[in-house]
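Give the three-dimensional model of this entry:
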Amino acid sequence: QVQLVESGGALVQPGGSLRLSCVASGFTLDYYFIGWFRQAPGKEREGVSCIGTNHGRTYYSDSVLGRFTISRDNAKNTVYLQMNNLKPEDTAVYYCAAAPESGLFTIGTPADEYDYWGQGTQVTVSS
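Down below sits the predicted model:
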């Protein structure tokens, strides 16, 4: 059974940090492009960061560039999203998604281009 499971979401104060994890089962992440998306109440799902398989090329949205870092550990079949200097506007449900690497995926690749999705993890940034 193909599955992605996110974890690490929590309530954190502004300026704090969190590390989200996305663990795959039923398939090997080595050959997949992985994206992190988020969706806040009343807003559309937006791409936050993504990582390829070729030398682990990475992409970030302008809103998180310099604060978030995406990485992958293929041995653990896991992708991480380190989030630093969190802001209230980062509050959302965060999802990871996977698609077979084509060499064409970027931060602008639409969500419907991804094949597998996790159930999401809630991140709340509030004092």
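
What separation do you get for the closest residue to residue 35 other than its chain neighbours and residue 33?
Closest residue to residue 35 apart from its sequence neighbours, by CB to CB, 6 or more residues apart in numbering: residue 50 at 3.9 Å. For every residue, glycine as well, the C-beta is placed using N, CA and C. Per CB to CB, to the nearest Å, residue 50 is found 7 Å from residue 33.

Would you mind listing the residues touching both of these two?
When contacts are counted by CB atoms under 8 Å, 6 or more residues apart in numbering, residue 50 and residue 33 have residue 105 as shared neighbours.

do you know how far the residue nearest to residue 35 is from residue 32?
Counting by CB to CB - residue 50 and residue 32 are separated by 11 Å.

for residue 72, same thing?
Residue 72 is 9 Å from residue 32, by CB to CB.

These two: which is more packed in?
Neighbour count, other CB atoms under 10 Å: between residue 72 and residue 32, residue 32 has more, with 26 against 20.

got a list of what the residue nearest the centre of the chain touches?
Nearest residue to the geometric centre of the chain (CA atoms, centre = their mean): residue 36, 2.1 Å. Residues in contact with residue 36, defined by CB under 8 Å, 6+ apart, are 20, 22, 47-50, 70, 79, 81, 94-97.

Skip the chain neighbours and tell me the closest residue to residue 7.
residue 21 (5.1 Å).

same deal with residue 85?
In space, residue 85 is closest to residue 67, 4.8 Å off (CB to CB, 6+ apart).

my read: the one you found touches residue 84, true?
Yes. Judged on CB atoms under 8 Å, residue 67 makes contact with residue 84 at a distance of 5.3 Å.

list residues touching both of those two?
In contact with both residue 67 and residue 84: no residue, using CB under 8 Å, 6+ apart.
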